[in-house]
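K.L.:
After the sequence you'll find the predicted model.
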Amino acid sequence: MSGARKISLVLIVSTLAGCNSQPPADPMVLVNSERAFAAGAAEKGLRDAFLEFSDYDAVMFVPGAVRVKNHYGVSAKRPDLLSWFPVYAEISSSGDLGWTTGPWEWRENPSNKDPLGVGHYITIWKKQADSTWKFVLDIGIAHRAPMTESSTPALRVLDQPNKRERVEPGRGREEMLEAEYAFRAASVAEGLVSAFRSYLTPDARYYRLGMRPIQGIDSVCEILTMAVGTCTWEVEHADVSKNSDLGYTYGLTTLTASEGTAQFTFMRIWHRNIEGIWKVALDIQLPLPPEEKTP
């Protein structure tokens, strides 16, 4: 091969590689989207902001899962104010799926000094076909602690799983669900503490109604020692990123104890680490009202 042809070939390969390359994932796109969402709620009202920033099939939890467009599409505009900001943002290595979390406050009237409700939210964001970001899931807990956290968020880009362990999104979703149901089986066979200790990431977050979020395996397991009964659950929806390193599930949990049964809605964020193992990075659960017994 002549020198000219070699140079031409190198240029062609370099050009094609440049066309196929993707810019590195940036969690600040999630922060900016979340801040714009919150600003929209303050300016236009909660209903209009939710409708503007949500994916067509996005869900929210009230406390069961409902489509945002079904919930707010038929609701009247209200003068209340929900304010929030992100303190943590995490994005998949493929830059197409991510989430944020932080504190929220609710005021019946924007002029009120003191909020009537406070808590923490979680928003899952997904990159759209037109490269804009919309949220696909919104959930949160209420507690009594005010918004005292720093407004400068911590940021994380997930490590890409080992290339030898990379899988297609469809298979990645199947593997995440396999981990989810193995987690459920361990919960029944070994108890919640043992199951959570096996399936949590070291820095996992744990959200429950009435208390601030807890972080870390030991702290979560300490809380779980007070749990009584057997938990089982069914997944209603699951999705993963293109690189299959980040995913989420939500569904229905049933707690069976000597006093009877109770039901909860749950949502989990999963990480697939560089060894190809799925672990729970965040677990949130909301109690559902008891079913009314027919006479």
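P.N.:
Arrived safely. Numbers count the residues shown, from 1 in each chain.
K.L.:
number of nearby residues for residue 244?
P.N.:
27 (other C-beta atoms under 10 Å). Where you see a C-beta, it was placed from the backbone N, CA and C, and this is true even at glycine.
K.L.:
do the same with residue 104
P.N.:
Neighbour tally, residue 104, other C-beta under 10 Å: 19.
K.L.:
What helix or strand is it located in?
P.N.:
Under the criterion of DSSP states H and E, residue 104 resides in strand 97-107.
K.L.:
in its sheet, what does that strand sit against?
P.N.:
Using DSSP bridges, the strands paired with strand 97-107 are strand 81-84 (antiparallel), strand 88-91 (antiparallel), strand 117-127 (antiparallel).
K.L.:
could you redo the ones you listed as TSV and give each row distance to residue 269, mean neighbour count and mean pLDDT?
P.N.:
Shown next, in TSV, are the strands paired with strand 97-107 (distance: least, C-beta to C-beta, whole Å; neighbours: other C-beta atoms under 10 Å; pLDDT from 0 to 100):
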stretch	distance to residue 269	mean neighbour count	mean pLDDT
strand 81-84	18	19	96
strand 88-91	8	24	98
strand 117-127	7	22	97
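K.L.:
all helices of the stretch 1-150 of the chain, in order?
P.N.:
Using DSSP state H, counting those that start in this stretch, the helices found in the stretch 1-150 of the chain span residues 3-20, 28-44, 46-53, 68-72.
K.L.:
which stretch in those has the least confidence?
P.N.:
Among these, helix 3-20 carries the lowest mean pLDDT, a mean of 43.
K.L.:
Report the mean per-residue pLDDT for the helix or strand where residue 181 lies.
P.N.:
Per DSSP H and E: residue 181 is located in helix 169-190. Averaged across helix 169-190, pLDDT comes to 94.
K.L.:
next one: stretch 223-236
P.N.:
Rounded mean pLDDT across stretch 223-236 is 94.
K.L.:
Any buried residues in that stretch, and which?
P.N.:
The neighbour-count check on stretch 223-236 (16 or more other C-beta atoms under 10 Å) flags 224, 231, 233, 235 as buried.
K.L.:
Quick one: distance of it to the chain centre.
P.N.:
With C-alpha atoms, centre = their mean, to the nearest Å as the basis, stretch 223-236 stands 19 Å off its chain's centre.
K.L.:
Kindly report the same for stretch 111-127.
P.N.:
Using C-alpha atoms, centre = their mean, the offset of stretch 111-127 from its chain centre is 15 Å.
K.L.:
just stretch 260-267 next, same as before
P.N.:
With C-alpha atoms, centre = their mean as the basis, stretch 260-267 stands 19 Å off its chain's centre.
K.L.:
got a list of contacts for that stretch?
P.N.:
Stretch 260-267 is contacted by residues 61, 63-65, 122, 137, 139, 233, 248-255, 282-288, 290 when judged by C-beta atoms under 8 Å, 6 or more residues apart in numbering.
K.L.:
Now do residue 173 against residue 102, distance only.
P.N.:
The spacing between residue 173 and residue 102, counted by C-beta to C-beta, to the nearest Å, is 27 Å.
K.L.:
tell me the domain boundaries of the chain?
P.N.:
28-157, 163-287 (automatic domain parsing).
K.L.:
The most centrally placed residue in the chain pairs with what?
P.N.:
With distances taken as C-alpha atoms, centre = their mean, residue 124 lies nearest the centre of the chain, 4.5 Å away. Following DSSP bridges, residue 124 is listed with bridge partners residue 99, residue 137.
K.L.:
Could you pull up the residues touching it?
P.N.:
Taking C-beta under 8 Å, 6+ apart, we find residue 124 in contact with 97-99, 135-138, 248, 269.
K.L.:
Can you report how many residues lie near residue 178?
P.N.:
11.
K.L.:
re earlier: what comes up buried for the helix holding residue 181?
P.N.:
169, 172-173, 175-177, 179-180, 183-184, 186-187.
K.L.:
ok, now stretch 62-82?
P.N.:
Under the neighbour-count criterion of 16+ other C-beta under 10 Å, stretch 62-82 has 63, 65, 68-69, 71-72, 80-82 buried.
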